[in-house]
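J.: sequence and computational prediction follow.
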Amino acid sequence: MIQQISINKTLGIGIIGTGTIGQDHIKRCTNFLSGVKVVAVSDIDKKSAQNAISTYGLNAKAYESGDDLIHAKDVDAVIIASSGKTHAKYILSSIKAGKFIFCEKPLATTIEDCQAILDAEQKYGQRLVQVGFMRSYDRRYQELKQIVQSEKLGPILMVHAAHRNRQSSENFMSEMVITDTLIHEIDIFRWILKDEFVSVEMIFPRKTSKAKDILQDPQVAILKTRSGIMVNVELFVNCQYGYDIHCEIVGELGIANLPPPAAVSVSQNGKRYDQLFANWKDWFLEAYNIEIQEFINECLAGKLKGPDAWRGYMATFVANFCIQSQKTHSKIAIPIVKCPVFYSQQ
Ligand code: NAD
């Protein structure tokens, strides 16, 4: 059975992976959110875990291994923010220990590992896993979903989207454009449209000179859904000018556009300009805070409601076919898979 968390208790959180987003979560849990205390950290780089404790003034223990952290008595819930390939083993171990888990995307990097997580959670008999798809906590995406589902736009025909980063890291490879970038659009459009993808074709425009040899940049994903909606996503991870997200949903009766986050507009010397965001942290800051606060509240209430392991499974599933298209330069069919009753009834 799940480890009981008594009412009015502060949730003890253990964070595995104290890199970029792990530290962000430590910061928000420590300085901004309520009902939570970071009691444990762990990273394969032990110095990084120790540094996190001193940088954020945590009264927490640094564990040698993620597994030791998971089994610690004062850890009620685990945030997994280590590299994608390590997620599955930590999730499986946390399920065994009956702990709530917030795992950054991806749920796991292979379908086999995703399946093992679905099997373990169903065997456990209660939802324990949430995946870090923070866009569904962004009120602009929530409004888009509400407009689409209200049928105000009539049947949806097309979605035009773009996901741009100013600059990618040295080791960012072509495949990561799908596993790290497109994966957010795969998930959010399944969520907004309540539809499944049935085909994908990856297209490669002229390559920017700013990308390394290991990276084809930009790329365009052309996805089609079961009901015939075409979703095209421009992925450009070295666009130079800033972090930028576009989304236009075209229906028979109208169009809905994702607004950019409010930023100060400056009028000066006969010009007016808006400040752009440098990175995803700023663009989605509010969404990350709401996402983790709701996770904390739901752990304390004993029932998770956020993006579940099935959403994580489907994102990795569709991403695999996108990678096949990337490798073969061809259009690939994506089979429909049935959602297990355990997840469809949540
Ligand atoms: P990062 O490289 O900055 O940090 C990863 C950390 O994990 C490093 O400190 C590394 O030492 C540690 N680590 C590696 N292997 C480990 C292991 N076996 N056990 C414990 N620690 C280990 O990466 P990041 O940008 O912080 O990304 C971490 C995860 O968060 C990735 O899965 C990434 O896709 C995801 N992420 C999600 C979003 C989002 O928008 N939701 C944004 C950024 C990153």
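T.: Thanks, I have it.

J.: number of nearby residues for residue 301?
T.: Applying other Cβ atoms under 10 Å, we find 11 residues neighbouring residue 301. From N, CA and C alone the C-beta is placed, and that goes for glycine too.

J.: next up, the contacts around it.
T.: Residues near residue 301 by Cβ atoms under 8 Å, 6 or more residues apart in numbering: none.

J.: same question for residue 21.
T.: Counted by Cβ under 8 Å, 6+ apart, residue 21 has contacts 81, 104.

J.: can you tell me the helix or strand for it?
T.: helix 20-31 (DSSP states H and E).

J.: give the buried residues for that helix.
T.: Residues of helix 20-31 classed as buried by neighbour count (16 or more other Cβ atoms under 10 Å): 21, 22, 23, 24, 25, 26, 28, 29, 30.

J.: nearest spatial neighbour of the last one, skipping sequence neighbours?
T.: Counting by Cβ to Cβ, 6 or more residues apart in numbering, the nearest residue to residue 30 once its immediate chain neighbours are dropped is residue 56, at 5.3 Å.

J.: break the chain into its domains for me.
T.: Following automatic domain parsing, the chain resolves into domains at 11-135+286-307, 139-279+314-338.

J.: still on that earlier bit, tell me the angle the next helix or strand after the helix holding residue 21 makes with helix 20-31.
T.: On the C-terminal side of helix 20-31, the nearest following helix or strand under DSSP H and E is strand 36-42. Here strand 36-42 runs at an angle of 140 degrees relative to helix 20-31 (axes from the mean of the first three to the mean of the last three Cα atoms, to 10 degrees).

J.: CA-only coordinates of strand 36-42, as PDB, when you get a sec.
T.: Output of strand 36-42 as PDB, limited to C-alpha atoms (Å, rounded to 0.1, in the frame of the first residue of the first chain):
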ATOM      1  CA  VAL A  36       6.500  21.100   1.000                       C
ATOM      2  CA  LYS A  37      10.000  20.700   2.200                       C
ATOM      3  CA  VAL A  38      13.000  19.400   0.200                       C
ATOM      4  CA  VAL A  39      14.400  16.800   2.600                       C
ATOM      5  CA  ALA A  40      16.700  14.800   0.300                       C
ATOM      6  CA  VAL A  41      18.700  15.300  -2.900                       C
ATOM      7  CA  SER A  42      20.800  12.900  -5.000                       C
END
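
J.: tell me the helices and strands packed up against that strand.
T.: When contacts are defined as 3 or more Cβ pairs under 8 Å, 6 or more residues apart in numbering; DSSP states H and E, strand 36-42 packs onto strand 11-16, helix 20-31, helix 46-55, strand 61-63, helix 66-71.

J.: relative to the whole chain's centre, how far out is that strand?
T.: 21 Å (Cα atoms, centre = their mean, to the nearest Å).

J.: who's in contact with it?
T.: 10-18, 22, 26, 29-30, 49, 52-53, 56, 58-66, 68-69, 72, 74-75, 296.

J.: got the angle between it and strand 11-16?
T.: 30 degrees.

J.: strands paired with strand 36-42, and their directions?
T.: Using DSSP bridges, the strands paired with strand 36-42 are strand 11-16 (parallel), strand 61-63 (parallel).

J.: would you turn the domains of the chain into a markdown table with distance to residue 344 and mean pLDDT?
T.: Below are these laid out as a markdown table (distance: least, Cβ to Cβ, whole Å; pLDDT from 0 to 100):
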| stretch | distance to residue 344 | mean pLDDT |
| --- | --- | --- |
| domain 11-135+286-307 | 12 | 97 |
| domain 139-279+314-338 | 9 | 96 |
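
J.: nearest to the ligand, of those domains?
T.: Closest to the ligand of those is domain 11-135+286-307 (Cβ to the nearest ligand atom; 1.8 Å).

J.: which of the strands paired with strand 36-42 is buried the deepest?
T.: Across those, averaging neighbours per residue (mean count of other Cβ atoms under 10 Å) puts strand 11-16 on top, at a mean of 26.

J.: okay, the angle between that one and helix 46-55?
T.: Using the same axes, to 10 degrees: strand 11-16 against helix 46-55 is 140 degrees.

J.: restricting to C-alpha, output strand 11-16 in CSV.
T.: The C-alpha coordinates for strand 11-16 follow below in CSV (Å, rounded to 0.1, in the frame of the first residue of the first chain):
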residue,chain,number,x,y,z
LEU,A,11,5.2,16.9,2.1
GLY,A,12,8.8,15.6,2.3
ILE,A,13,10.3,15.8,-1.2
GLY,A,14,13.4,14.0,-2.5
ILE,A,15,14.9,15.3,-5.7
ILE,A,16,16.9,13.0,-8.0
